[in-house]
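K.L.:
A structural model of the following input is requested.
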Amino acid sequence: MKRLLARPEVALFVLVLVPYAFFYQAGGWNQNSRFDLVRAIVEQRTFEIDSFTCANPHAADVPGHLNTGDVSCRGPNGRCQVASEPGERTYCDKAPGVSFLAVPAYAVAYLVSGRGPEPPGPGYLAGSSHLVTIWAAGVPAAVAVAMVFLLLGTLGVGMRTQVAVSLAYGLGTLTFPYATLLYGNSVAAALLVIAFALLVRARMGDTSTGPARLSCIGFLLSFSIVVEYSALLGVVPLLAYAAWFVRPLPRLGWLVLGMAPPGLLLAAYDWAAFGGPLTLSYEYSVFGYRQQAFFGLGLPAWEAMRGITFGAFRGLFFGAPWLLLAIPGGAWWVRRGGARAEMGVCAAVVLLFFWLNSSLADWQGGWGMGPRFLVPAIPFMAIAAAGLGPRSVEARRPRLRMLGWAASAGAVGYSAFMMLAGTAVKPEVPLTVPEPFSQFLLPLFYTGELAVNTQSIDAGEAVMGQRYAYNLGQTIGLDSLASLLPLLALMAAAGVWLWWTLRPDASSGTAR
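P.N.:
Residues are numbered from 1 along each chain as shown. You can find the predicted model right below:
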């Protein structure tokens, strides 16, 4: 146990999981639809969510009232708008992977609570959905931060740069707010980067390419698609990377074998819910999605590209400008050599997701504070950005190192503050707000108006004056910005722990 506690990746995991678990964002169409599926699986052993879309007893009497609009409706005559005729059923219209991940956590909560036939109360639903979100979204994202740290060490990055980039990725990007939401974006990102880290460590000789490891990598890659269908864009470059170095080539069969269980799980779900193993939920979405090519992949639009990069509405670099360091950082990796293949993978993943997002008709991604469709590409941008601080630069070019740290520290600090403000107030900013940060998030944050979401996990209509979101500081009676003091204290304690693990004598007297 002592050796485990002396590992910096463990301290990093805890350090970022604390803020991920601190905030509960309550309800919204996306998370309500996924949570309805979780409840249907655990409570009724079915994929049909009809009983839970009207889970609020006060709303159930209203015809057609749903706690989410993100549903698929299937009946004898095909797609329907509302399950009102015999044989018509309602399903979650999202990829089911996050809901599948959440099932064990909810099953435990359901059994411990001893739920009976009576309608669940709001306290139980809020507590159980918070637990589910921590388990299914927060924990994978925190593991990904630890794996980025290990991956950078394998690539020869200095310890301080490892820590700085890992924390910047976990707390200074959209990973932070989406790790507090029951969405699939940050989970898909986590699965992809964990698989990438395992592959890089195998290629660099830190680990083997044995059957168990390759099967695990294949499982992660395949399950990322079950979590978010568009993750296939990240899986393809990673598979190409594996095929490039794994020898003998037939050993890749173990990777393919590992991909089979998640694929079969998705096929079984699609068959049971939508009538065919290759029929995805979007086919029966009430929005009638008919997407070109691969989930909307087509010609990029200039307006979308500008909007998802530097625009104040959904610009990735507007809220996290430090990610721009991925460009010079990636160039430095290539110049140094030794990690060119890895940078090729990072560039391919990033470009593919930018291509996808800029060609979507709904490129803005609904309610949000940034381009959520780009979240799976963010860890690969962070890895590239770390190229500005490899050991060769730190050892041979100290002035360049200091200049790089000075130039990036402000950008990282700004990004972390913006992500904290958005997460603390409400990550799901309405589409009607042209500039989420300046017109909504920051004004509320400065005045101490935190956790302002008025939609619960089981109600479709916002209740005037009723807030369902909270942070853990508010649950112990703290108001306004003071409610964040427990978070700062916990993170400071975890930071001290992390600092201790980085001492030369922290682990068997071995210098780090």
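K.L.:
most distant residue from the centre of this protein?
P.N.:
In the chain, counting by Cα atoms, centre = their mean, residue 86 sits farthest out from the average C-alpha position, at 37.8 Å.
K.L.:
my guess is that residue is in a strand, correct?
P.N.:
No. Remark: residue 86 does not belong to a strand; assigned using DSSP: H, G, I helix; E, B strand; the rest coil, it is coil.
K.L.:
look up how far residue 104 lies from residue 135.
P.N.:
According to Cβ to Cβ, to the nearest Å, residue 135 stands 7 Å off from residue 104. In short, each C-beta sits where N, CA and C put it, glycine included.
K.L.:
same thing with residue 37?
P.N.:
Taking Cβ to Cβ as the measure, residue 37 falls 14 Å from residue 104.
K.L.:
which one's more surrounded, these two?
P.N.:
Of the pair residue 37 and residue 104, residue 37 is the one with more neighbours under other Cβ atoms under 10 Å, namely 28 against 14.
K.L.:
residues contacting that one?
P.N.:
Under the criterion of Cβ atoms under 8 Å, 6 or more residues apart in numbering, the neighbours of residue 37 are 47, 49, 91, 92, 94, 96, 99.
K.L.:
hmm, try it at 10 Å
P.N.:
46-49, 52, 91-94, 96, 98-100, 102-103, 269, 273, 281 (Cβ atoms under 10 Å, 6 or more residues apart in numbering).
K.L.:
buried among these? Make that a PyMOL selection.
P.N.:
Selecting only the buried entries of these in PyMOL, with 16 or more other Cβ atoms under 10 Å as the criterion:
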select buried, resi 47+48+49+52+91+92+93+94+96+98+99+100+102+103+269+273+281
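K.L.:
tell me, how many residues neighbour residue 9?
P.N.:
Count around residue 9 with other Cβ under 10 Å applied: 19.
K.L.:
report the secondary structure element holding it.
P.N.:
Residue 9 is part of helix 8-22 when elements are defined by DSSP states H and E.
K.L.:
send over that helix as CSV, restricted to the C-alpha atoms.
P.N.:
Below are the C-alpha coordinates for helix 8-22, written out as CSV (Å, rounded to 0.1, in the frame of the first residue of the first chain):
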residue,chain,number,x,y,z
PRO,A,8,2.5,10.1,-8.5
GLU,A,9,-0.1,8.8,-11.0
VAL,A,10,-2.2,7.7,-8.1
ALA,A,11,-2.1,11.1,-6.5
LEU,A,12,-2.9,12.7,-9.8
PHE,A,13,-5.9,10.4,-10.2
VAL,A,14,-7.2,11.5,-6.8
LEU,A,15,-6.3,15.2,-7.4
VAL,A,16,-8.5,15.4,-10.5
LEU,A,17,-11.3,13.1,-9.3
VAL,A,18,-12.0,15.4,-6.4
PRO,A,19,-13.3,18.2,-8.5
TYR,A,20,-15.0,15.8,-10.9
ALA,A,21,-17.0,14.4,-8.0
PHE,A,22,-17.5,17.7,-6.2
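K.L.:
any idea how far residue 359 is from the nearest residue to residue 69 once chain neighbours are set aside?
P.N.:
Excluding the flanking residues, the one nearest residue 69 by Cβ to Cβ, 6 or more residues apart in numbering is residue 29, at 5.2 Å. To residue 359, residue 29 is 23 Å away according to Cβ to Cβ.
K.L.:
what's the answer for residue 85, then?
P.N.:
36 Å.
K.L.:
the two: who's more crowded?
P.N.:
For residue 85 versus residue 359, neighbours defined as other Cβ under 10 Å are more numerous around residue 359 (20 against 10).
K.L.:
do you know the pLDDT at that one?
P.N.:
Listed pLDDT for residue 359 reads 92.
K.L.:
which residue sits closest to it, ignoring its sequence neighbours?
P.N.:
Once flanking residues are discounted, residue 359 sits nearest to residue 298: 4.4 Å by Cβ to Cβ, 6+ apart.
K.L.:
surely the one you found is within a helix?
P.N.:
No. Residue 298 is assigned coil when assessed by three-state DSSP, not a helix.
K.L.:
got the phi and psi for it?
P.N.:
phi -150, psi -150 (degrees, to the nearest 10).
K.L.:
rewinding a little: these two touch, right, the residue nearest to residue 69 and residue 430?
P.N.:
No. Using Cβ atoms under 10 Å, residue 29 is not in contact with residue 430, being 12.0 Å away.
K.L.:
what touches both of these two?
P.N.:
Common neighbours of residue 29 and residue 430 (criterion: Cβ under 10 Å, 6+ apart): 366, 367.
K.L.:
and residue 181, what are its phi and psi?
P.N.:
According to degrees, to the nearest 10, residue 181 has phi -120, psi 150.
K.L.:
same question but for residue 228, I mixed them up
P.N.:
The phi and psi values for residue 228, taken as degrees, to the nearest 10, are phi -150, psi 110.
K.L.:
before we move on, what about residue 73?
P.N.:
Torsion angles, degrees, to the nearest 10, at residue 73: phi -130, psi 120.
K.L.:
for it, which residues are in contact?
P.N.:
Going by Cβ under 10 Å, 6+ apart, residue 73 touches 50, 79-84, 88-91, 93, 284-286.
K.L.:
count the neighbours of residue 7 for me.
P.N.:
16.
K.L.:
if we ignore the residues flanking it in sequence, what's nearest it?
P.N.:
residue 501 (6.3 Å).
K.L.:
let's see stretch 298-318 as PDB, backbone CA atoms only.
P.N.:
Provided in PDB are the C-alpha atoms of stretch 298-318 (Å, rounded to 0.1, in the frame of the first residue of the first chain):
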ATOM      1  CA  GLY A 298     -18.700  15.800 -45.200                       C
ATOM      2  CA  LEU A 299     -17.200  19.000 -46.500                       C
ATOM      3  CA  PRO A 300     -16.000  21.300 -43.700                       C
ATOM      4  CA  ALA A 301     -17.800  24.600 -43.400                       C
ATOM      5  CA  TRP A 302     -15.800  27.800 -42.700                       C
ATOM      6  CA  GLU A 303     -18.400  29.100 -40.200                       C
ATOM      7  CA  ALA A 304     -18.200  25.900 -38.200                       C
ATOM      8  CA  MET A 305     -14.400  25.700 -38.300                       C
ATOM      9  CA  ARG A 306     -14.200  29.300 -37.000                       C
ATOM     10  CA  GLY A 307     -16.900  28.600 -34.500                       C
ATOM     11  CA  ILE A 308     -15.200  25.600 -32.900                       C
ATOM     12  CA  THR A 309     -11.700  27.100 -32.800                       C
ATOM     13  CA  PHE A 310     -11.600  30.800 -31.800                       C
ATOM     14  CA  GLY A 311     -15.200  31.900 -31.700                       C
ATOM     15  CA  ALA A 312     -16.600  33.200 -28.400                       C
ATOM     16  CA  PHE A 313     -19.700  31.000 -28.900                       C
ATOM     17  CA  ARG A 314     -18.100  27.500 -29.000                       C
ATOM     18  CA  GLY A 315     -14.400  28.100 -29.600                       C
ATOM     19  CA  LEU A 316     -12.100  25.400 -28.100                       C
ATOM     20  CA  PHE A 317      -9.200  27.800 -27.900                       C
ATOM     21  CA  PHE A 318     -11.300  30.600 -26.600                       C
END
